[in-house]
Every structure is written in C-alpha cells, then in structure tokens.
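Starting from these lines, generate the structure:
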Amino acid sequence: MYRVITIEREYGSGAAEIARKLASQLGWRLWDRELTAEIARVANVDPASVSFCEERVDSKFQRLVKVFWRGSYERSMPLDHQTFDPDRMVRVGEQVMQEIADEGNAVIVGRGAPYFLRDRSDVFHVFLYAPRAEKLRRIQDLGTRLHEAEDMVDTVDRERIEFVKYYFGADWPTRSLYHMMLNTVVGDENVISMILHGMRALEAQSA
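Predicted coordinates for the structure are as follows:
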C-alpha cells in the first residue's frame, strides 16, 4: 500500500498547486515549502540557506563567495550557516525524507525525493511536465512578467539536470523511476484524478 507520493516536475508545470490539492484530497501532509523549513530546522540553519541550495550544484563561484565571507561579518554567524551547502543539504535532506516516509501519509514535492526514496515499495512516484506555452502561462498567472518567466523556464530545469547528474549519477528525468509521467495541460483536476486512479490500480494489482 502506498503511503507517500513524490511529485517531481518541470518548472512551471503547476506541480505545487497540484500537490497541494492532491494532499488536501487525500488528507495527507504536504511537504513542499514545509520540507525546506524542516531541512533548515534539522540542519540548524536559516531556511533561506536551504532554498539557495535546493536542486543546485555548488558552483566554484559560490565556494569563492564562502571563502570571501570568512573573516568578515559572517565570522560572527554560526558555523553551520557558513558550511551549509548543497552537499550538506543532500545529506540532511535524505535523512528528513526517510523520516517523512517512515511516518507516511505525505505528498513530497521535488528536492530529490524520488531518488532518495527510490528503493521504498510504499512510495508512488509521479513526474509532471507541460508544453513551454503552458508553463509560461501558469507562471504569468502568478504575476510574473513574460521575460522573467522565460528566463526561469530556461534556467531552473537546467540546474535540476546538473543537480541530479552530480548527486545521483542519473539523467533528469529518470523515466524508469516514475510510476506515471503526466502532461499538466489537461488540467489540475484531471491530473489528480489520473494520479489517484493509477496509484489505486497498482495497489489492487499487488493486493
């Protein structure tokens, strides 16, 4: 029986809202921004530090910035804040996600969850994507200007590709990892219906 759903996504595909509705319909806990906050709590750092590292590979520039910060006003800040980088974010993230999965009744959005939880039989994995025009429409509906939306669509997923290749040695998306890959252009409610139907159908097969 599935007790956790992971939602991996292309940027702008509407996954955050779909995950929110799905969790609400199931009566499960949503782990999206809440996951960032929990990783920050466990690591004892500011949530902004986690947000900066999420689904990014630590660049040489970022490392130079850290070297520059040492010995300046950052010296008065906790060491954990200074040393929190994508490497540590991945270690803490895996710990947190395994604990969430152990507890169950959770919908987890991104942050490498399908890879951290790939060996668990109680986790149902979904990948959401959309045509470029649909992604731009959804992002603009949130109040973002077109040129900014285009820039985010072009760059965010590229960072996710690099992140997954670096930390998991896999291509993104790893198609064999997912139980379902759905085009969100069909609408949020239809996507949610297909996720629930597919999950229940697999549960029935294994019963």
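
Every contact and neighbour count from this point should use C-alpha atoms.
Will do.

Which residue ranges of this protein form helices?
Chain-ordered helices for the chain, with DSSP state H as the definition, fall at 15-26, 33-43, 47-53, 60-69, 79-83, 86-103, 113-116, 132-141, 146-168, 188-206.

Which residues does the last one contact?
This means helix 188-206. Helix 188-206 is touched from outside by 1, 2, 14, 18, 21, 22, 124, 126, 180, 182, 183, 184, with contacts defined as CA atoms under 8 Å, 6 or more residues apart in numbering.

List the buried residues for it?
Counting neighbours by 16 or more other CA atoms under 10 Å, one finds that the buried residues in helix 188-206 are 188, 191, 192, 195, 199.

May I see the contacts of helix 188-206 arranged in JSON lines, with pLDDT as well?
Converted to JSON lines, those look like this (pLDDT from 0 to 100):
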{"residue": "1", "pLDDT": "93"}
{"residue": "2", "pLDDT": "97"}
{"residue": "14", "pLDDT": "96"}
{"residue": "18", "pLDDT": "97"}
{"residue": "21", "pLDDT": "98"}
{"residue": "22", "pLDDT": "98"}
{"residue": "124", "pLDDT": "98"}
{"residue": "126", "pLDDT": "98"}
{"residue": "180", "pLDDT": "98"}
{"residue": "182", "pLDDT": "98"}
{"residue": "183", "pLDDT": "98"}
{"residue": "184", "pLDDT": "98"}
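
Name the member of those residues with the most neighbours.
The member of the contacts of helix 188-206 that has the most neighbours, counting by other CA atoms under 10 Å, is residue 124 with 25 neighbours.

contacting residues for that residue?
Residue 124 makes contacts with 2, 3, 4, 5, 6, 178, 179, 199, as judged by CA under 8 Å, 6+ apart.

change it to 10 Å
Residues in contact with residue 124, defined by CA atoms under 10 Å, 6 or more residues apart in numbering, are 1-7, 107, 114, 117-118, 177-180, 195, 198-199, 202.

go on, residue 131?
Neighbours of residue 131 in contact, by CA under 10 Å, 6+ apart: 10, 12, 13, 183, 184, 185.

where does it fall, phi/psi-wise?
Backbone geometry at residue 131, expressed as degrees, to the nearest 10, gives phi -60, psi 150.

and it, what pLDDT?
Confidence per residue is given as pLDDT, and for residue 131 that number is 97.

What pLDDT is listed against the residue nearest the centre of the chain?
Geometric centre of the chain, nearest residue: residue 110, 1.4 Å, by CA atoms, centre = their mean. In the predicted model, residue 110 carries a pLDDT score of 89.
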